[in-house]
Every structure is written in C-alpha cells, then in structure tokens.
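A.B. asks: build the 3D model from these lines:
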Amino acid sequence: MIKDNQKYFNRLHVWLDMFITIISYITAWWLRLVVFSDEGAGVLSQETYFGALLVIVPVYMVLYSVLNLYKSKRYSSNVREIFDIVRANSIGLLLFFVALYIVNEPNFSRSMIFIFGALNTLFMILMRSFIRVGLRNVRKKGYNRKYILLVGYSRAAEEYIDRIMANPEWGYVVRAILDDTVPAGTIYRGVKVVGRIDNLYYVLPENKLDEIAITLSLKDYDRLEEIVAFCEKSGVHTKFVPDYNSVIPTRPYTEDLYGLPVINIRRVPLTNTLNWVIKRIVDIIGAIVAIIIFSPIMIISAILIKASGDGPVIFSQERVGLHNKTFKMYKFRTMMVQDSKEEKKAWTTKDDPRVTKIGRILRKTSMDEVPQFFNILKGDMSLVGPRPERPFFVDKYKEEIPRYMVKHQVRPGLTGWAQVNGYRGDSSIRKRIDHDIYYIENWSLGFDVKILFLTFFRGFINKNAY
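C.D. replies: Have a look, this model is predicted:
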C-alpha cells in the first residue's frame, strides 16, 4: 500500500525550486555582466548582486506557495501550472523593482533582472513538466498507486469511477464499493460491491487503504455524519463526492456565514461589483470605437436597404435581457415588412422568401447586427455574452431545456462563447445553453478578449444564418 508522501514530495519540490531560482539568477548575472557586459554594467560588486539572493529566494518560495504551486499534481492541469508559474514570476519581478525603488539603488542592472525573470520562468516550467511526465509514467506502470474504497453506490460513484478509469496517470485504483441497497457482487466497470456499509468498521482497522471516498446517494445522507466521524477517527484520508448533480449541476462555492457554511448553487463572477464595472467600461469604449470603424458600412447598408423597397432601415425587436427584462434590440432590416404577431413566432428558415437580397448578404456577413453597438451604449447589451432571445421562445424553452433561464443572470452579448463555437442561428439550443452557462461561470476579462478575437479570427460569415 502506498502512503501519502505529498508533504515529503513538497519539501523536495521547494529545494528544487530554490536550486532553479539560484541557477537562473547566477546565469542571468553571468550573461549580462560577464558575457554581454558593457561600460558601467558592473558598477556594483559581485557580492552585492549575490547577496540579493538571500532575499530573492525566500520571497519566491513564499510566492510559489501562495499561488498553489505545491499542491498535488494528480488532478492539476499542466496549463494551469504554467499559468501559475508565469504569474508568480511576474509578481516576483514587480516586487524586485519596487524593492530597488524603495532602497533607491539605480545601479542594479534592470536588464539582468528581466533576464533572470525569463530564465527562471523557462527553467521552472521545464523542470515541473519533466516531473509531471515522470510521475504520470510511473503511475501508469502501476507504481505510486493510491487505493480507494467507495462508501455508497450512486450516480456520483459511477462518475467518480469513470473519471479515474479515463485518467490512469492519476494513479488511483478503486478497490471496491460498500452499499446497503445494491446487492453484493454487482460490478461497475470492474469495481465490485463487496458488502454493506457497516463492513467499513471491519475494513478500516486493517489499514490497507489510502483513501475513503464517500459516494452515498441522496437518500442515504442520514448516515453521512456517522461515516465521516468514524473515518476521521481511523485516521484514513477521507473525501466526500456529493450526489447532487441533478440539483446543483455546476461548480458550487461556499461562503462562511459566521461559522455556518452556505453553498451557493452557481458562481457568477459578474455579480462582483468590480468585475461588473470593468466589463461595462470595456463595453462603452468598445462600442464607441466600433461605431466609428463601422460607420461607413452602416451608411452604405442604410442606403441599400432604403433603395431595396419600402420599410424602415432599422428594425427593432423585443428581446429578453438581464434579469428577464425585455428591451428593443436593433438590427438592419433584412426582411420584407410583415405582421409583428407572426414575426414573433417563427425563426428565419433556409431560402426564406421574406428575406430581401441585400438582407441575405447582411445576414451571411453578420453586418445586420452592427446597430446593436447602440444597444451596448444604452446598457441593454454587452460586447460579449449569451445571445438574447425573443419572449415567445424564452417562454417555450424555459419549460423544455434545463437551466435555460440562467443565461439571463448576465447582460446578453453581441457575440458569445456559443457563437464562436458555431452555435448560432439554426443550431442546437441545448449546446448553446451549455456554452452560455460555461461562459457565465468562467467569466474573466481575458475570456472576453479571447471571444472577441475568435469572432474576428473566424470571420463574420454565419453558415446558419438564412
């Protein structure tokens, strides 16, 4: 049985990080002040430069610890670790410059500091990637395994087994399942139910398990407190895999209400005032710039629409936005004038005879959406967000599609995560909602920039627009 050696591995990790930091610093000093030295570059003594390591090394180790670079690598993403390394070294460089400013030391080579930051980031990524690959290869070969017993047969238990089976590099092996209702001998993907939950009182004292995963079904939660208490008394590492995906289908987060943990069903970053203000400022600036850039196209489009027949140039349509409030969304008119009641009840279909010739071009190139920059200025919409829908379809889909109304917790957008992934126009509503919810829960300014970039990079042509 493999014991949990994470704390010893972390200590080794710290020593390796210290070594890499020192080597990076010495290499940077050698490159800048020896190999590529110039007049005045070596004003400070070698002792002064190397003496700075007494401060740099412990500060960097603290930064790495604070930014979770010493957490277990079994589940963590390689991309996430690289991001954390870049972030930690960037903060370290900033602190370095601030410290030099405070002590008023103008002769310390700034270029050497930048070289150190680049080398330290590169060496750290290479070293940790090598360790990660090595550990995963070792686990795939059957070494450094952790053996787990599941307490309770449920949907959560099956999903937990599925993920472990799909990721052998994690090094986890599910030994068996204990459950009171599922018959002994039942097998799921090679994992057998071997007895009742009360057998736990005989299994744990044998000390042959690395972890216990409590995967009780909702109906058995009355035993949760009892099982947790016994597992902790035995000293075996215990984790709880909740069986509430049907109730809380996304990542919940907890907050401390004077000692009472409160589970929030959904994390929405844009409910944070600072995030909301930042996004709104970007929307206003982006809309103004876009209106200026697209003004020639808007003028030409308006002339062509007016010349194509009777009817208004701008078409406004009622849509449902933030907090389920309706607003008038602007578009260039692309269809013949029709009865408003009929228009509200149907989507445009392929070869729809109601679409004008100029309208078909505007729809295919998404130029009919340009007037929505004015909706963004008004605050009805955002540059990025879930696309708003008509009230008729909102009433229809909220009864048919789970979590459909979650999209109205943020402002609707001119473009969105679903749209850049091809789900727009006549496409899967369920897929759209999945992408919208992912965006809502994972919003960041960088995510918005990525979506805007993809909108331009993948072009404005909409194959699903008729």
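A.B. asks: just the helices in the stretch 101-250 of the chain please.
C.D. replies: 110-140, 155-166, 200-203, 224-234 (DSSP state H, counting those that start in this stretch).
A.B. asks: make CSV out of the ones you listed and add distance to Q419.
C.D. replies: All C-beta atoms are positioned from the backbone trio N, CA, C, and that covers glycine. Putting the helices of the stretch 101-250 of the chain into CSV (distance: least, Cβ to Cβ, whole Å) gives the following:
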stretch, distance to Q419
helix 110-140, 33
helix 155-166, 30
helix 200-203, 50
helix 224-234, 43
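A.B. asks: okay, those in TSV with distance to V35 and mean pLDDT next?
C.D. replies: Shown next, in TSV, are those (distance: least, Cβ to Cβ, whole Å; pLDDT from 0 to 100):
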stretch	distance to V35	mean pLDDT
helix 110-140	11	85
helix 155-166	49	89
helix 200-203	63	87
helix 224-234	58	87
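A.B. asks: which one of the ones you listed lies nearest to I314?
C.D. replies: helix 155-166 (49.5 Å; Cβ to Cβ).
A.B. asks: residue ranges in this structure under the pLDDT threshold?
C.D. replies: Along the chain, segments meeting pLDDT under 70 span 1-9, 38-43, 72-77, 139-144, 169, 207, 245-251, 337-353, 425-426, 458-466.
A.B. asks: F294 and E369 touch, don't they?
C.D. replies: No - with contact defined as Cβ atoms under 8 Å, F294 does not reach E369; the gap is 10.2 Å.
A.B. asks: between the helices of the stretch 101-250 of the chain, which gets nearest to L69?
C.D. replies: helix 110-140 (8.0 Å).
A.B. asks: that closest one packs against which elements?
C.D. replies: helix 6-30, helix 78-102 (3 or more Cβ pairs under 8 Å, 6 or more residues apart in numbering; DSSP states H and E).
A.B. asks: what's next to the first one, contact-wise?
C.D. replies: Contacts with helix 6-30, where a contact means Cβ atoms under 8 Å, 6 or more residues apart in numbering, come from 49-50, 53, 56-57, 60-61, 64, 69-70, 72, 112-113, 115-116, 119-120, 123-124, 127, 131.
A.B. asks: buried subset of those residues?
C.D. replies: 49, 53, 56-57, 60-61, 64, 69-70, 112-113, 115-116, 119-120, 123-124, 127 (16 or more other Cβ atoms under 10 Å).
A.B. asks: hey, where'd the helices end up in the stretch 351-466 of the chain?
C.D. replies: Using DSSP H, counting those that start in this stretch, helices in the stretch 351-466 of the chain cover 357-365, 372-378, 391-400, 417-420, 429-441, 445-457.
A.B. asks: in JSON lines, list those helices along with distance to A287 and mean neighbour count.
C.D. replies: Shown next, in JSON lines, are the helices of the stretch 351-466 of the chain (distance: least, Cβ to Cβ, whole Å; neighbours: other Cβ atoms under 10 Å):
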{"stretch": "helix 357-365", "distance to A287": "19", "mean neighbour count": "18"}
{"stretch": "helix 372-378", "distance to A287": "4", "mean neighbour count": "20"}
{"stretch": "helix 391-400", "distance to A287": "25", "mean neighbour count": "14"}
{"stretch": "helix 417-420", "distance to A287": "18", "mean neighbour count": "24"}
{"stretch": "helix 429-441", "distance to A287": "19", "mean neighbour count": "19"}
{"stretch": "helix 445-457", "distance to A287": "12", "mean neighbour count": "15"}
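A.B. asks: adding distance to L200, write those helices out as TSV.
C.D. replies: Formatted as TSV, these follow (distance: least, Cβ to Cβ, whole Å):
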stretch	distance to L200
helix 357-365	62
helix 372-378	58
helix 391-400	43
helix 417-420	44
helix 429-441	35
helix 445-457	43
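A.B. asks: closest to S308 out of those?
C.D. replies: Here helix 357-365 is closest among the helices of the stretch 351-466 of the chain (Cβ to Cβ), at 5.1 Å.
A.B. asks: remind me what that closest one packs against, helices and strands.
C.D. replies: Checking 3+ Cβ pairs under 8 Å, 6+ apart, helix 357-365 ends up next to helix 273-307.
A.B. asks: list the buried residues for the helix it packs on?
C.D. replies: Buried, per 16+ other Cβ under 10 Å, within helix 273-307: 279, 282-283, 286-287, 290-291, 298, 301, 304-305.
A.B. asks: now swap in stretch 83-94 and tell me
C.D. replies: In stretch 83-94, counting by 16+ other Cβ under 10 Å, buried: 84-85, 88-89, 92-93.
A.B. asks: pull it out as PDB, backbone CA atoms only.
C.D. replies: Taking C-alpha atoms only, stretch 83-94 is exported to PDB below (Å, rounded to 0.1, in the frame of the first residue of the first chain):
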ATOM      1  CA  PHE A  83       0.000  30.000 -15.800                       C
ATOM      2  CA  ASP A  84       0.700  30.000 -12.100                       C
ATOM      3  CA  ILE A  85       4.500  29.900 -12.700                       C
ATOM      4  CA  VAL A  86       4.300  32.800 -15.100                       C
ATOM      5  CA  ARG A  87       2.000  34.700 -12.700                       C
ATOM      6  CA  ALA A  88       4.300  34.100  -9.700                       C
ATOM      7  CA  ASN A  89       7.500  35.200 -11.600                       C
ATOM      8  CA  SER A  90       5.700  38.300 -12.900                       C
ATOM      9  CA  ILE A  91       4.800  39.300  -9.400                       C
ATOM     10  CA  GLY A  92       8.300  38.400  -8.300                       C
ATOM     11  CA  LEU A  93       9.800  40.800 -10.900                       C
ATOM     12  CA  LEU A  94       7.400  43.500  -9.900                       C
END
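A.B. asks: any idea how far that stretch is from the middle of the chain?
C.D. replies: Between the centre of stretch 83-94 and the centre of its host chain there is 19 Å, according to Cα atoms, centre = their mean, to the nearest Å.
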